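Novice: quick one, fold the following:
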Amino acid sequence: MIRACWKKSIFALLALLPVICLAAAPSWKIVPEGSTLTFTATQNDAPVTGKFKTFSGEINFDPDQLSTSKVKIVVDVGSVTDAYNELSDTLKKSEWFNIKLFPQAVFESSEFVKTGDKTYQAKGTLTIRDKKLPITLTFTQEEYTQTKARMKGNTTIKRTAFGVGQGEWADTKAVKDDVQINFEIVAVKK
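Specialist: Modelled structure (predicted):
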């Protein structure tokens, strides 16, 4: 009887082996020199642009293994900069990003959808300040080899949903609610 149970257990393990051995998507390391994270807002009906100089990430991605792909991008919001630094100095204040209390913004996703030949969506959450909300990034696979990947994409968020722009800045007449976020990530396989 014990021998029969043991054989059944071995058979069950062998049957599950393909599921157990399902490989995780490969890990990638962001190349800061080739990667950018920018935003465009609208103030007084004119575009205002800036960028975040410092961000890092844990990326596991394979276009053939979307079910095991995942990403976590951490942005140092204090690294925000613009051409004149007037905007970035303002954005660091408590009414905007409040970098003393909320030094990081975080995007996390483990749900990827192929939408075209080399186009994808990453459905996940974005945390800015103390707000964590669902968002969807769209991106294009510009390059993908065994050792290097380059993705380019964007999303649009509502700044007020994240509490960015408080007090007199909560009104969306002078500074519009929609903010376009653009990124280009260059990564090498770990």
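
Novice: low pLDDT regions in the protein?
Specialist: Applying pLDDT under 70 to the chain flags the ranges 1-23.

Novice: how many neighbours does the nearest residue to S27 once chain neighbours are set aside have?
Specialist: With sequence-adjacent residues excluded and distances taken as CB to CB, 6 or more residues apart in numbering, S27 is closest to K190, at 4.2 Å. All C-beta atoms are positioned from the backbone trio N, CA, C, and that covers glycine. Other residues within reach of K190, judged by other CB atoms under 10 Å, total 9.

Novice: for K173, same thing?
Specialist: 6.

Novice: that one: what secondary structure?
Specialist: coil (DSSP: H, G, I helix; E, B strand; the rest coil).

Novice: identify the residues contacting S79.
Specialist: 52-55 (CB atoms under 8 Å, 6 or more residues apart in numbering).

Novice: wait, doesn't V71 sit right on S109?
Specialist: Yes - using CB atoms under 8 Å, V71 is in contact with S109, at 5.3 Å.

Novice: show me the helices in this protein, by range?
Specialist: 2-20, 86-91 (DSSP state H).

Novice: contact partners for M151?
Specialist: Applying CB under 8 Å, 6+ apart, the residues contacting M151 are 139-142, 183-185, 187.

Novice: let's go with 6 Å and repeat that
Specialist: 139, 185 (CB atoms under 6 Å, 6 or more residues apart in numbering).

Novice: okay, and the beta partners of it?
Specialist: M151 has these beta-bridge partners by DSSP bridges: Q141, I185.

Novice: against E168, how distant is it?
Specialist: Going from M151 to E168 by CB to CB, to the nearest Å gives 38 Å.

Novice: same check on T119?
Specialist: Taking CB to CB as the measure, T119 falls 40 Å from E168.

Novice: so the most centrally placed residue in the chain bridges to which residues?
Specialist: For the chain, the residue nearest the mean C-alpha position is F107 (4.1 Å; CA atoms, centre = their mean). In this entry, F107 is beta-bridged to I73, L126, by DSSP bridges.

Novice: and if you look at T42?
Specialist: P47.

Novice: over to I30?
Specialist: Per DSSP bridges, the residues bridged to I30 are A187.

Novice: wait, it touches I59, no?
Specialist: No - if you go by CB atoms under 6 Å, I30 and I59 don't touch, sitting 7.0 Å apart.
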